[in-house]
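*Asks:* Here is a sequence together with a model predicted from it:
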Amino acid sequence: MSEFLEPAYGQRSLGDVVPAVGAALGFLEPAGLELPTGSAYVVFLVDGLGARLLERYAHAAPFLASQLTASSVATAGVPSTTATSLTSFGTGLTPGTHGLVGFTSRVPGTGKLLNALLWDKDVDPVEWQPHPTAFTRLRELGATVTVVNKREFARSGLTVAAHRGAEYVGADKVGERIAAAVAASGERGSLTYLYDGDLDWTGHRYGVASRQWLQQLAMVDAEAEQLREALPPSVRLVVVADHGMVDSPTESRIDVDEHPDLRDGVALLGGEARFRHLYCPRGAVEDVVATWRAFLGTRADVLTRDEVIGRGWFGPVAPAVLPRIGDVVVACHGDVAVLSTADFPYEATLVGLHGSLTPDEMVIPLLVS
């Protein structure tokens, strides 16, 4: 359906940002995305700040909204979810190469799911994502690369998989983050990355149309403006996001546990509510696709793994990554969500969701000042 927005890999996707910064700083050759030169770069990633949301609620974020134009946007990758996006950002690779293909995905050879945010001590993040990160490549070329994020994330599996190779500065409060970014960007030819996850949390909890979310957006806007004012004019500030978000009302939610036929032929349910991975025993895929397509109709695209790969949603897919992708993938349209109150009870408590390919989820700001 035309509602879906394909990822702009190699041109204007989140994974193209760090290589473009490297080129702007003179360490790499320019590729698809080009950014202006600067003495240093600070990239501020706001989790959940979709460009469509910023445009819709511009009154709550006048500083950021004033920079938003038709050309100051990019796309997330697929699925439009934090773990996948942060890894694409930190590695400069597409999901089919770096291998974090969802919020949850099957650990090959097992009946278990890896939760890519919480991780699993039995899964080595360097084996799961073995490629050098873009941060590592820039440091090897002589750049100073710093990650500014909460202290609790310093040694998480996701940080190791996505952002290893950079110096890590723990900073839990806004003032700490701004001060750390300003200090790190004093080094000429440096890249500093800082992350704020509070807007995403608020959207999940209360929804993107809520007063709570609008207040949090205003706080993010103030943080970005303060950061810009604290940085020297020669230092470039880029504000990006990992995905947007949609609110999913009760009437748009489907609980697979209320429809037993949807479990037939499905050995393991993964992904998340807007983008499901269905893992099936050999020979069951055709029946699963038929059942889910008949049930969901136009509410979702139900595709085989080969069909998804053919659409290029994950970019080129490495052999080791293939079994992590569902044998069947379900990408929701509109505000539809496919839940399992048995397997993922917490999802039923969330208002805002993301993961699919609608413009509200896929279009992200790329604001350079």
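*Replies:* Sure thing, it's come through.
*Asks:* just the helices in the stretch 51-200 of the chain please.
*Replies:* Per DSSP state H, counting those that start in this stretch, the stretch 51-200 of the chain carries helices over the ranges 51-56, 62-65, 82-91, 95-98, 125-128, 134-140, 157-163, 174-184, 198-206.
*Asks:* quick one, which of the ones you listed is nearest to Asp16?
*Replies:* With CB to CB, the closest approach to Asp16 among those belongs to helix 82-91: 8.9 Å. The way it works is simple: take the backbone N, C-alpha and C, and place the C-beta from them, glycine included.
*Asks:* List of residues touching that closest one?
*Replies:* With CB atoms under 8 Å, 6 or more residues apart in numbering as the test, helix 82-91 has contacts from 13-15, 17-18, 45, 47, 76-78, 93-95, 97-98, 100-103, 116-117, 129, 131-135, 158, 161-163, 193, 195, 197, 200, 240, 242-243.
*Asks:* Just the buried residues from these, in PyMOL please.
*Replies:* Only the buried entries of these go into this PyMOL selection, using 16 or more other CB atoms under 10 Å:
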select buried, resi 13+14+15+17+18+45+47+76+77+78+93+94+95+97+98+100+101+102+103+116+129+131+133+134+135+158+161+162+163+193+195+197+200+240+242+243
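*Asks:* Tell me how many other residues surround Arg164.
*Replies:* Neighbourhood size, Arg164 [other CB atoms under 10 Å]: 18.
*Asks:* For it, which non-adjacent residue is closest in space?
*Replies:* Leaving aside its sequence neighbours, Arg164 sits nearest to Thr133 (CB to CB, 6 or more residues apart in numbering; 5.7 Å).
*Asks:* and the end-to-end length of stretch 88-98?
*Replies:* Length of stretch 88-98, first residue to last, CA to CA, to the nearest Å: 7 Å.
*Asks:* quick one: average pLDDT of that stretch?
*Replies:* Stretch 88-98 shows a mean pLDDT of 98.
*Asks:* Repeat that for stretch 326-335.
*Replies:* What stretch 326-335 shows for mean pLDDT is 98.
*Asks:* cool, and stretch 134-154?
*Replies:* Averaging pLDDT along stretch 134-154 yields 97.
*Asks:* chain center to that stretch: distance?
*Replies:* With CA atoms, centre = their mean, to the nearest Å as the basis, stretch 134-154 stands 18 Å off its chain's centre.
*Asks:* residues of it that come out buried?
*Replies:* For stretch 134-154, burial by neighbour count (16+ other CB under 10 Å) applies to 134-139, 143-150, 153.
*Asks:* repeat for stretch 244-255
*Replies:* Taking 16+ other CB under 10 Å as the criterion, stretch 244-255 shows Gly244, Met245, Val246, Asp247, Ser248, Ser252, Arg253, Ile254 as buried.
*Asks:* contacting residues for the third one?
*Replies:* With contacts defined as CB under 8 Å, 6+ apart, the neighbours of Val246 are Val208, Arg274, Gly334, Asp335, Gly352, Leu353, His354, Thr358, Asp360, Glu361.
*Asks:* just curious, which of those is nearest to Val107?
*Replies:* For the contacts of Val246, the residue nearest Val107 by CB to CB is Arg274; the value is 21.9 Å.
*Asks:* For the spatially closest residue to the closest one that is not a sequence neighbour, grab phi and psi.
*Replies:* Spatial nearest neighbour of Arg274, chain neighbours left out: Gly355 (3.6 Å); criterion: CB to CB, 6+ apart. Per-residue torsions, Gly355: phi 130, psi -30 (degrees, to the nearest 10).
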